[in-house]
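In: Here is my input, please return the structure:
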Amino acid sequence: MITGKYPSLRLRRNRKESWSRKLIQENTLSPNDFILPIFLIDGSNKRQEISTMPNVFRYTINRLSQVVDKAIKIGIPMVALFPKTKNSIKDELGSESLNEKNLVCRAILEIKKRYKNQIGIMCDVALDPYTSHGHDGIIRSNQIVNDETIEVLVNQSLLQAEMGCDVLAPSDMMDGRIGKIRKALDKSKYHNVQILSYAAKYASSFYGPFRDAVGSKGSLKGDKKTYQMDFRNSDEALREVALDIKEGADIVMVKPGMPYLDIIKSVKEKFKIPVFAYQVSGEYSLISNAIQKKLVNEDAVHESLMAFKRAGANAIVTYYADRIDKIIK
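Out: Reported below is the predicted structural model:
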């Protein structure tokens, strides 16, 4: 509803000075709004550049403090761990996901030992970093099988909870996995381990640099359209979210981010549940490369992140999180 009219009403009056704009701003960003993804690699004393993601690196376990110290200093509440598993230990079943000495498990133990509860740990629950075919589930007769995959995901979740993971984030998009994981966690007395469900995860063209970062890009056979969502659909996202909430999700994720701001807004308005957004690798690399080539200025980062907040996201997973203090300053 519009009240008043020009010329007695001039909306530009409120924009005239910086102090006035600050007083009427509707959304703000702080470090509390961000989650920092960290890529892990085997070895020692390595910080390995990711060629497709400017200023993003993979870290060995003994170099984790380099990035976690910075996240804590900035005030980032949580980090998200993603492993680049060696091809030699990948197989069709993703067996390495259940190895208590895998990269993610060792990283959880290291962070908890060094920092206790100073910062939260979020772990991906999916098989794609561990499978030789690059898919999030088990393949039978050229199909990703749902229920058999869930059995592995449940065990992966229990292992990560045992290691000390705070927030389990199933990103596989198998039907029914949230309920099975919640039931297994509760049965094993992990009542306080949260589930952040990738409830609306789309089969997107924006994941390429991430798959490069975790080493699944070259091995991926086919696409993920039989289990990730069709980008032409929005009502389906609400059905997915509703099911995951009913099964026990504490928080839901929309992924990718900016191309799906309408989904974030719809989910937030309909369910009033904490909604997280993921500014995925393709979004990050497009913006970062455009800044490097001076096609846009650095303010584009702040603008892109504010879009998530304006749409209703409670928190944002972004590769800019380790620089967020400078970005929002």
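
In: For the residue lying closest to Leu36 once chain neighbours are set aside, give its distance to Arg21.
Out: By the measure of C-beta to C-beta, 6 or more residues apart in numbering, the closest residue to Leu36 outside its immediate chain neighbours is Ala321, 3.9 Å from it. C-beta here means a position set from N, CA and C on the backbone, and glycine is covered the same way. To Arg21, Ala321 is 25 Å away according to C-beta to C-beta, to the nearest Å.

In: ok, these two, which is more surrounded?
Out: When neighbours are counted by other C-beta atoms under 10 Å, Ala321 comes out ahead of the other of Ala321 and Arg21, with 27 against 11.

In: OK, contacts around that one?
Out: Contact analysis of Ala321 by C-beta atoms under 8 Å, 6 or more residues apart in numbering lists 34-37, 71, 74, 76.

In: same question, Gly176
Out: 146-147, 150, 247.

In: Out of the contacts of Ala321, flag the one nearest to Arg182.
Out: Ile35 (21.1 Å; C-beta to C-beta).

In: Surely the closest one is in a strand?
Out: Yes: counting by DSSP: H, G, I helix; E, B strand; the rest coil, Ile35 is part of a strand.

In: Read off the pLDDT value for it.
Out: On pLDDT, Ile35 comes in at 98.

In: bridging residues for the nearest residue to it once chain neighbours are set aside?
Out: Computed as C-beta to C-beta, 6+ apart, the closest residue to Ile35 that is not its neighbour in sequence is Val317, at 4.5 Å. Val317 has these beta-bridge partners by DSSP bridges: Ile35, Tyr278.

In: Am I right that Val317 is in contact with Pro37?
Out: Yes: counting by C-beta atoms under 8 Å, Pro37 is a contact partner of Val317 at 6.1 Å.

In: one step back: out of the contacts of Ala321, the closest to Asn99 would be?
Out: Closest approach to Asn99 among the contacts of Ala321 (C-beta to C-beta): Pro37, at 21.5 Å.

In: ok so, going back, got a winner among the contacts of Gly176 for most neighbours?
Out: Busiest of the contacts of Gly176 [other C-beta under 10 Å] is Ile150, holding 23 neighbours.

In: which residues touch that residue?
Out: Contacts for Ile150 were tallied using C-beta under 8 Å, 6+ apart; they are 174, 176-177, 180.

In: okay, and the helix or strand of this structure with the least pLDDT?
Out: In the chain, no helix or strand scores lower on mean pLDDT, DSSP states H and E than helix 208-214, which sits at a mean of 92.

In: how about that helix as CSV, C-alpha atoms only?
Out: What follows is helix 208-214 as a C-alpha-only set of coordinates in CSV (Å, rounded to 0.1, in the frame of the first residue of the first chain):
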residue,chain,number,x,y,z
GLY,A,208,31.5,-27.4,-11.6
PRO,A,209,34.3,-25.8,-9.6
PHE,A,210,33.2,-27.6,-6.4
ARG,A,211,33.4,-31.0,-8.1
ASP,A,212,36.8,-30.0,-9.3
ALA,A,213,37.7,-29.0,-5.7
VAL,A,214,36.6,-32.4,-4.2
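
In: List the buried residues in it.
Out: 209-214 (16 or more other C-beta atoms under 10 Å).

In: Next, count neighbours for the residue nearest to Ile35.
Out: 24.

In: Same question for the one 5 residues further on.
Out: Residue neighbour count, defined by other C-beta under 10 Å, stands at 21 for Asp322.

In: and what of Lys270?
Out: Neighbours around Lys270, by other C-beta under 10 Å: 11.

In: swap in Lys221?
Out: Around Lys221 there are 11 residues (other C-beta under 10 Å).

In: Could you pull up the residues touching Asp262?
Out: By C-beta under 8 Å, 6+ apart, the neighbours of Asp262 are 234, 311.

In: tell me which element it is part of?
Out: Following DSSP states H and E, one finds Asp262 within helix 261-271.

In: where's the helix or strand following the least confident helix or strand of the chain relative to the chain centroid, distance-wise?
Out: Following helix 208-214 in sequence order, the next helix or strand is helix 235-247 (DSSP H and E). Its chain's C-alpha centre and that of helix 235-247 lie 18 Å apart, by C-alpha atoms, centre = their mean, to the nearest Å.

In: packing partners for whichever helix or strand comes after helix 235-247?
Out: Counting by DSSP H and E, the next helix or strand C-terminal to helix 235-247 is strand 251-255. Contact partners of strand 251-255 among helices and strands, from 3 or more C-beta pairs under 8 Å, 6 or more residues apart in numbering; DSSP states H and E: strand 194-201, helix 235-247, helix 261-271, strand 275-278.

In: Give me whichever of the ones you listed is most buried.
Out: strand 275-278 (a mean of 27; mean count of other C-beta atoms under 10 Å).

In: Return every residue with contacts to both of Val317 and Pro37.
Out: Common contacts of Val317 and Pro37 (C-beta under 8 Å, 6+ apart): Ala80.
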